[in-house]
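Student: below is the structure, and that's it, no one-letter string:
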């Protein structure tokens, strides 16, 4: 087994005292980010990215990915104790988590959430370990048409799986693509959409967009609800942990189903949020206690947490193997790779073995560290939430401003962040999804260049995208996903008519 | 804390906001189409021109905006509030000082601006006494300074006050 050897080598890379320390720091920072309103996985990692510029890439990605694991864990704390989801993917956790806390079983709910998160992540990491070398090897054969087809599939999946209005998803995605086109065109050397502003020559950096859209936008939304937090008490003792761990094996089938849903939704860029809702729905339908879901069932915490964490983790698979991130946070990590001079994609598995396997090994270790940290420090983080919002809010805004400034040491970016903040606030309230905008901004240039290269090869003939079984198959799948909302709406109408 | 959402009058309805945003998105798409057409959005001898890809992106943006606009215009459920008066006031109470804060960074540097910002916010909205607010604001900025300038060596914008201390 080649993968096992590579993985063991990866553990050797990851297991240095310096890296272990970074893992712990990363997880603690991540939980903090997950707990605080306005700071989440994507913008938290974006803000902290400049701090890692001077580190070796492997250490840097270990710390950043651990921030991400921490944020995934942390989202559950606020959902259960305060009925405020710290992250969108922990909304479904509030359904049964908060009722459990109200019944005085907060400790059980938290333990169930953390343990399920851990199991979901673990299964996803195993999938990454064995599946990603296969995908990478396969992707080595890809040319520009195949790459464009993969980008097309990614964006088609967003449209096809969007919960709300598909046209809003398309609008948001196209805005991202347009913003990505701003600046110097790398092929012709012409200036696009700059209208004479020198600040726009470099184009828009998606890190600024992420900090504004998710950070500032989120904090404005939180403020609408006023300044007060009301929460259940957090007591996590050994007895509650042990009782829950004895109970959890009963839900093994739910865990397995939720992990499968999560891994699938993470690799196909559906993301952790829909995965958690889907897993909750599936568990509710199949569980024998299904009708009691929503009143405080441990199983109702297990399902969404497992799926969210599995999806969040497996979103890194397409990012590493194809250079196509499955979530905004994966996109930020991808941005980090580019800044460190690493080209994400199949060649990474050939040329940067230490980096890739060090990262994969750190996923195992980081999640263990995460579980230990959250189980032992919940009271501390719950105490942080009792700091009044009138202190937390300005501090978070200052941190966001610093994050935006340090990306290019530019004040223009800080102003841009504020603009993106307003856009994020309005878009969120009107159900325009933000993730497609960010991913389009990240992938825009590469999607365009693979599109142009493919067309150059075929002298402008669009048939190149159906010229062989591989590219044709991916394109067809993409088109199917794209029209899926229409098909399913049509089916429902037919069923109603019948 | 002082507002009651249930009695919160709507500052602007959801439908109005939907229409306005769709119109802005359309204008944005139109700008993209216009500039791409200026650059050339056709097929030249040496391949696609610079505006080729963005041209269609712009067109799709406009198309999506038109459909969203039309859907919102005919949606009877759009009456509910986009944001209440009390909520909007709350949001502006945070957003306006933030804009001032960002403007101040350029004048007095980040550390001093953020000290003022945090202290102001605590006193104004949090109703803290200045004796509590100022130490908190200073402590936060001291830790930021240690974290960025000292440990991670990331320089942040500074102004005359840091210069007086001989820090650049």
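Tutor: Thanks, I have the structure now. The shown structure was predicted, so the numbers you read here are calculated from the model rather than taken from an experiment. Numbers count the residues shown, from 1 in each chain, chains lettered A, B, ... in the order given.

Student: so where's chain A uncertain?
Tutor: Within chain A, the ranges that satisfy pLDDT under 70 run A:1, A:38, A:86-87, A:162-164, A:226-236, A:269-271, A:498.

Student: for it, which residue gets nearest to chain B?
Tutor: Chain A approaches chain B most closely through residue A:390 (2.9 Å), counting by CB to the nearest CB. Quick note: C-beta positions are derived from backbone N, CA and C, even for glycine.

Student: got the contact list for that residue?
Tutor: Going by CB atoms under 8 Å, 6 or more residues apart in numbering or on different chains, residue A:390 touches A:227, B:121-122, B:125-128.

Student: 7 Å instead, please
Tutor: Applying CB atoms under 7 Å, 6 or more residues apart in numbering or on different chains, we find residue A:390 in contact with A:227, B:121-122, B:125-126.

Student: how about residue B:37?
Tutor: Applying CB under 7 Å, 6+ apart to residue B:37 gives the contacts B:51, B:55.

Student: rewinding a little: could I get the contacts of residue A:390 in a markdown table, plus columns for distance to residue A:104 and neighbour count?
Tutor: Listed next are these as a markdown table, based on distance: CB to CB, whole Å; neighbours: other CB atoms under 10 Å in any protein chain shown:
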| residue | distance to residue A:104 | neighbour count |
| --- | --- | --- |
| A:227 | 27 | 16 |
| B:121 | 35 | 25 |
| B:122 | 34 | 24 |
| B:125 | 33 | 20 |
| B:126 | 31 | 17 |
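
Student: in these, which has the lowest confidence score?
Tutor: Lowest-confidence member of the contacts of residue A:390: residue A:227, scoring 59 (pLDDT).

Student: distance to residue A:209 and secondary structure for the contacts of residue A:390 - can I get that in TSV?
Tutor: What follows is these, written out as TSV (distance: CB to CB, whole Å; DSSP: H, G, I helix; E, B strand; the rest coil):
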residue	distance to residue A:209	secondary structure
A:227	28	coil
B:121	25	helix
B:122	30	helix
B:125	28	coil
B:126	30	coil
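
Student: just give the nearest non-adjacent residue to the one residue in chain B that gets nearest to chain A, would you?
Tutor: Using CB to the nearest CB, the point where chain B gets nearest to chain A is residue B:126, with a distance of 2.9 Å. Leaving aside its sequence neighbours, residue B:126 sits nearest to residue A:390 (CB to CB, 6 or more residues apart in numbering or on different chains; 2.9 Å).

Student: show the subsequent helix or strand relative to the helix or strand where the one you found lies.
Tutor: Secondary structure from DSSP states H and E places residue A:390 in helix A:389-408. The element immediately downstream of helix A:389-408 (helix or strand, assigned by DSSP H and E) is helix A:411-429.

Student: list the buried ones in that following helix?
Tutor: Buried residues in helix A:411-429, defined by neighbour count with 16 or more other CB atoms under 10 Å in any protein chain shown: A:411-418, A:420-429.

Student: and the next helix or strand past that helix?
Tutor: Downstream of helix A:411-429 (by DSSP H and E), the next one is helix A:435-457.

Student: before we move on, the earlier item: got the angle between the helix holding residue A:390 and helix A:411-429?
Tutor: When axes from the mean of the first three to the mean of the last three CA atoms, to 10 degrees is applied, the directions of helix A:389-408 and helix A:411-429 differ by 130 degrees.

Student: returning to that earlier point: got a markdown table for the contacts of residue A:390, with distance to residue A:439 too?
Tutor: Shown next, in a markdown table, are those (distance: CB to CB, whole Å):
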| residue | distance to residue A:439 |
| --- | --- |
| A:227 | 34 |
| B:121 | 34 |
| B:122 | 38 |
| B:125 | 36 |
| B:126 | 38 |
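
Student: which one of these is nearest residue A:497?
Tutor: Of all the contacts of residue A:390, residue A:227 has the smallest distance to residue A:497: 51.1 Å, by CB to CB.

Student: quick one: the closest residue to residue B:108 other than its chain neighbours from residue B:106, how far?
Tutor: Residue nearest to residue B:108 in three dimensions, not counting chain neighbours: residue B:159, with 4.1 Å by CB to CB, 6+ apart. Applying CB to CB, to the nearest Å, the value for residue B:159 to residue B:106 is 8 Å.

Student: which of those two has more neighbours?
Tutor: Counting neighbours by other CB atoms under 10 Å in any protein chain shown for residue B:159 and for residue B:106 shows that residue B:159 has the greater number, 17 against 14.

Student: quick one: contacts for that one?
Tutor: By CB under 7 Å, 6+ apart, residue B:159 lies in contact with B:107-109, B:112.

Student: dump those to TSV, plus pLDDT and neighbour count.
Tutor: Listed next are those as TSV, based on pLDDT from 0 to 100; neighbours: other CB atoms under 10 Å in any protein chain shown:
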residue	pLDDT	neighbour count
B:107	90	11
B:108	91	17
B:109	90	19
B:112	92	18
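
Student: out of the residues you listed, who's nearest residue A:101?
Tutor: Among the contacts of residue B:159, and counting by CB to CB, the member closest to residue A:101 is residue B:112, at 42.0 Å.

Student: what kind of secondary structure is the closest one in?
Tutor: For residue B:112, the assignment made with DSSP: H, G, I helix; E, B strand; the rest coil gives helix.

Student: what strand or helix carries the nearest residue to it once chain neighbours are set aside?
Tutor: The shortest distance from residue B:112 to any non-neighbouring residue, by CB to CB, 6+ apart, is to residue B:161 (4.9 Å). Taking DSSP H and E as the criterion, residue B:161 maps to helix B:160-164.
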